[in-house]
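Student: Coordinates only, no sequence provided:
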Ligand code: DX5
Ligand code: ZN
């Protein structure tokens, strides 16, 4: 049986915002470029919006993975798919109608995903698995890069993996926040397969080598996890 498809999605939140094209070129070996959209309402920080995502999509060597930390994703999420993001993740805490939001993202041509803050339980959203391609389990409070990894979120990753296994289908599980050489192994063991890393990647002297190292550690940890 083939193992899970382990993917690295470096977060450009830790990149040099004055040189984003060059910063994207440094992660050409990754699977995705993770783009954190913050509106200063859902989280106490402000980053970038749709016009910048559109510009990034034109020059990125890898597909964009947009993480929307914004209010009213029902209204704004499909615009990020139209702007060229190949995956669009919205927070369930902010969505009035998550089913409709997921469907509108897919209708606009992107993979759809929902995200859970550390304090949000997965169980009430299990049925939403029918509507998405990925679930993002946050391993920090959303808003800022460089925070400490919350190992207490691993049971949630396990619960999502268990639900995906039970229901069948191919849904990826992403972890975001504090993912590094020290913490990626436990994420793999819990069942995650897409790893967002901001400071761990852009803080490295040799960015491609760090991406390679994270891949290697993830693959190693994969040996210690049950198949499926
Ligand atoms: C936090 C963002 C993350 C952030 C992760 O709200 O969603 O994507 O960039 O940064 P690190 O990997 O440094 O924790
Ligand atoms: Zn993120």
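Tutor: Okay, I see it. Computed from a predicted structure; not experimentally measured. Ligands and ions are numbered 1, 2, ... in the order given.
Student: What segments of the protein are helices?
Tutor: All helices of the chain, identified by DSSP state H, fall at 20-25, 50-59, 73-82, 98-107, 154-167, 184-190, 199-202, 207-222.
Student: quick one: average pLDDT of the fourth one?
Tutor: Okay, so that is helix 98-107. Across helix 98-107, pLDDT averages out at 98.
Student: likewise the last one?
Tutor: Across helix 207-222, pLDDT averages out at 97.
Student: what does the first one give?
Tutor: When pLDDT is averaged over helix 20-25, the result is 98.
Student: Let me see the contact set for the residue nearest to residue 171 when sequence neighbours are not counted.
Tutor: Excluding the flanking residues, the one nearest residue 171 by Cβ to Cβ, 6 or more residues apart in numbering is residue 164, at 4.8 Å. Quick note: C-beta positions are derived from backbone N, CA and C, even for glycine. By Cβ atoms under 8 Å, 6 or more residues apart in numbering, the contact set of residue 164 is 129, 135, 171, 173.
Student: Repeat that for residue 30.
Tutor: Residue 30 neighbours (Cβ under 8 Å, 6+ apart): 8, 9, 10, 62, 201, 211.
Student: Model confidence at it, what's the number?
Tutor: Per-residue pLDDT puts residue 30 at 98.
Student: Can you list phi and psi of it for me?
Tutor: Dihedral angles of residue 30 (phi, psi; degrees, to the nearest 10) stand at phi -80, psi 180.
Student: how close does it sit to residue 52?
Tutor: Separation of residue 30 from residue 52 (Cβ to Cβ, to the nearest Å) stands at 19 Å.
Student: Could you do residue 194 as well?
Tutor: For residue 194, the distance to residue 52 - Cβ to Cβ - is 22 Å.
Student: One more: residue 132?
Tutor: For residue 132 relative to residue 52 (Cβ to Cβ), the value is 25 Å.
Student: Closest to the centroid, which residue in this structure?
Tutor: The centroid of the chain falls nearest to residue 174 when counting by Cα atoms, centre = their mean (5.0 Å).
Student: Could you report the distance from the residue nearest to that one when sequence neighbours are not counted to residue 172?
Tutor: Counting by Cβ to Cβ, 6+ apart, residue 174 lies nearest to residue 194, which is 3.9 Å off, once chain neighbours are set aside. Using Cβ to Cβ, we find residue 194 at a distance of 5 Å from residue 172.
Student: Now the common contact residues for those two.
Tutor: 7, 134.
Student: between these two, which one's more packed in?
Tutor: residue 194 (25 against 20; other Cβ atoms under 10 Å).
Student: Would you agree the more buried one is in contact with residue 10?
Tutor: No - judged on Cβ atoms under 8 Å, residue 194 makes no contact with residue 10 at a distance of 11.6 Å.
Student: Overlap of the contact sets of the two?
Tutor: Common neighbours of residue 194 and residue 10, using Cβ under 8 Å, 6+ apart, are residue 32.
Student: who's in contact with residue 10?
Tutor: Residue 10 neighbours (Cβ under 8 Å, 6+ apart): 27, 30, 32, 33, 34, 196, 197, 198, 201, 202, 207, 211.
Student: Show me which residues of the protein sit near ligand 2.
Tutor: The chain has residues 36, 67, 176 near ligand 2, with proximity defined as Cβ under 5 Å from the ion.
Student: quick one, what contacts the residue of the chain found nearest ligand 2?
Tutor: Nearest residue of the chain to ligand 2, counting by Cβ to the ion: residue 67, 3.7 Å away. By Cβ under 8 Å, 6+ apart, residue 67 lies in contact with 11, 34, 35, 36, 37, 89, 115, 136, 176, 196.
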